[in-house]
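Student: any chance you could fold what I've pasted below:
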Amino acid sequence: MTIAAVLLGALTTHATNHLMERSRNRNQLLTRWDDKKVDAYGEYVDAAKMRIASSVRLYEAREGLREDHRPEEDLREDLAEAGRRWGSAFERVMLLGGDDAVEAGHELNVLLAEIDWQATGRITGSLEEWRERHRAAFRAINTFHEAARADLGIRGSVTGEKHPARDLLVPPARRPTAND
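Tutor: Coordinates of the predicted model:
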């Protein structure tokens with residue numbers, strides 16, 4: 001009887017240790033993937049914003065809204081490089097991201113393409129249409145943030161009552177000077 005009790009105790013201890021170790025390994029794996037997701041999500045948003053910024057420089061130079069001392073070809077190459085970086089970042093989101101984050105990324109990608117196309121002249125549009133594309137893109141970035149936060153289990157929100165809608169920061173219209 002004593003031997004049976006010792007064996008039962010040993011088996012119970014072994015089973016408990018095995019389950020605890022398995023649970024610890026699973027938690028380490030989840031934490032490791034969450035860290036990679038945070039990096040992927042952050043890199044994607046950063047790359048999307050860099051693509052927008054490169055589009056703005058090209059668009060404003062093409063439309064005469066800003067004097068840029070760099071040739072248009074250089075600005076186009078900057079935009080192409082930003083597009084390559086964005087594409088690579090989105091691939092990581094596709095590999096690691098949750099379903100809602102991936103879908104929010106696809107929605108943002110459509111808007112980024114439209115901004116790119118108007119900047120390069122593939123599609124035409126007014127300055128107000130240009131600005132509306134940017135408003136839509138930044139709303140889509142917020143939607144992506146929400147989906148990424150939900151995927152990572154982060155409480156809170158980047159939109160809603162505590163975070164009212166914000167518009168683009170646009171400088172006032174330039175007033176003609178005596179030299180114009």
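Student: for the residue nearest the centre of the chain, which non-adjacent residue is spatially closest?
Tutor: Centrality entry for the chain: nearest residue to the mean C-alpha point is V45, 2.6 Å, by Cα atoms, centre = their mean. Leaving aside its chain neighbours, V45 sits nearest to I141 (6.1 Å; criterion: Cβ to Cβ, 6 or more residues apart in numbering). To be clear about C-beta, it is placed using only N, CA and C from the backbone, and glycine gets the same treatment.
Student: I123 touches W117, doesn't it?
Tutor: Yes. Counting by Cβ atoms under 8 Å, I123 touches W117, with 4.5 Å between them.
Student: does the top helix by length along the chain pack against any helices or strands, and if so which?
Tutor: Secondary structure of the chain per DSSP state H: the longest helix is helix 2-62. Based on contacts counted as 3 or more Cβ pairs under 8 Å, 6 or more residues apart in numbering; DSSP states H and E, the elements that helix 2-62 packs against are helix 72-96, helix 99-120, helix 127-152.
Student: could you pull up phi and psi at R70?
Tutor: Main-chain torsions, R70, degrees, to the nearest 10: phi -100, psi 150.
Student: contacts only, for it.
Tutor: Listed by Cβ atoms under 8 Å, 6 or more residues apart in numbering, the contact set of R70 reads A61.
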